[in-house]
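In: Structure for the following, please:
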Amino acid sequence: MNLSELSPALGSKSKAVRVGRGLGSGLGKTSAKGQKGQKSRSGGVKRPGFEGGQRPLYLRLPKRGFYNKFGKEYVEINVGVLNCFEDGTVVEPVMLIEEGIIKNIRDGIRVLGGGELTKKLTVQAMGFSKSAEEKIIAAGGTVEVI
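Out: Residues are numbered from 1 along each chain as shown. Model (predicted):
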């Protein structure tokens, strides 16, 4: 089988219907759109959800939830993840991205107390839970709030 021998399946291709090409074509004059009205005119299709001027359903339904535009979205990591660094390393937010632990910093990084820390590290972040702070200090490291 060659690429030059390939052809579309029978019945899958059909000629485009040419409308508005005279009375003899069977689709002349009104071009199969009927007489008058919105749908017979060019550009007469309205957007999805349009209800003819009536208040649309998506505006009649009550709104749900709340978005706090002043809220902060922190990236949270556990203490156990920090074991991938060498002893005595100063762990900065940029290093966490380079190491592939987080994708982006967003509004800041918060360290939580999940897991165990065996390395002596200096951890810089925007916030620490009490248990995370205790585990870092117990391992001989230090905590720095940025």
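
In: pLDDT wise, what is the residue of the chain positioned farthest from its centre at?
Out: Distance from the C-alpha centroid of the chain, by C-alpha atoms, centre = their mean, peaks at residue 24 (53.2 Å). The model reports residue 24 with a pLDDT of 90.

In: my read is it is in a strand, agree?
Out: No. Under DSSP: H, G, I helix; E, B strand; the rest coil, residue 24 falls outside any strand and is assigned helix.

In: Tell me how far it lies from residue 65.
Out: Separation of residue 24 from residue 65 (C-beta to C-beta, to the nearest Å): 60 Å. Where C-beta positions appear, they are placed from N, C-alpha and C, glycine not excepted.

In: ditto for residue 27
Out: Residue 27 sits 51 Å away from residue 65, going by C-beta to C-beta.

In: Those two: which is more packed in?
Out: For residue 27 versus residue 65, neighbours defined as other C-beta atoms under 10 Å are more numerous around residue 27 (16 against 4).

In: List the contacts of the more buried one.
Out: Each residue near residue 27 by C-beta atoms under 8 Å, 6 or more residues apart in numbering is listed here: 17, 18, 19, 20, 21.

In: The third one - that's part of a helix, no?
Out: No. The assignment for residue 19 (three-state DSSP) gives coil, which keeps it out of a helix.

In: count of residues packed around it?
Out: Using other C-beta under 10 Å, residue 19 has 14 other residues around it.

In: Surely it and residue 32 touch.
Out: Yes. Using C-beta atoms under 8 Å, residue 19 is in contact with residue 32, at 5.7 Å.

In: To what extent is residue 112 buried, counted in neighbours?
Out: Neighbours of residue 112 (other C-beta under 10 Å): 16.

In: Let me fix that, I meant to ask about residue 60.
Out: If you count neighbours by other C-beta under 10 Å, residue 60 ends up with 9.

In: how about the contacts of residue 27 in JSON lines, adding distance to residue 101 and pLDDT?
Out: Output for those, formatted as JSON lines (distance: C-beta to C-beta, whole Å; pLDDT from 0 to 100):
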{"residue": "17", "distance to residue 101": "59", "pLDDT": "91"}
{"residue": "18", "distance to residue 101": "61", "pLDDT": "92"}
{"residue": "19", "distance to residue 101": "61", "pLDDT": "91"}
{"residue": "20", "distance to residue 101": "63", "pLDDT": "91"}
{"residue": "21", "distance to residue 101": "66", "pLDDT": "92"}
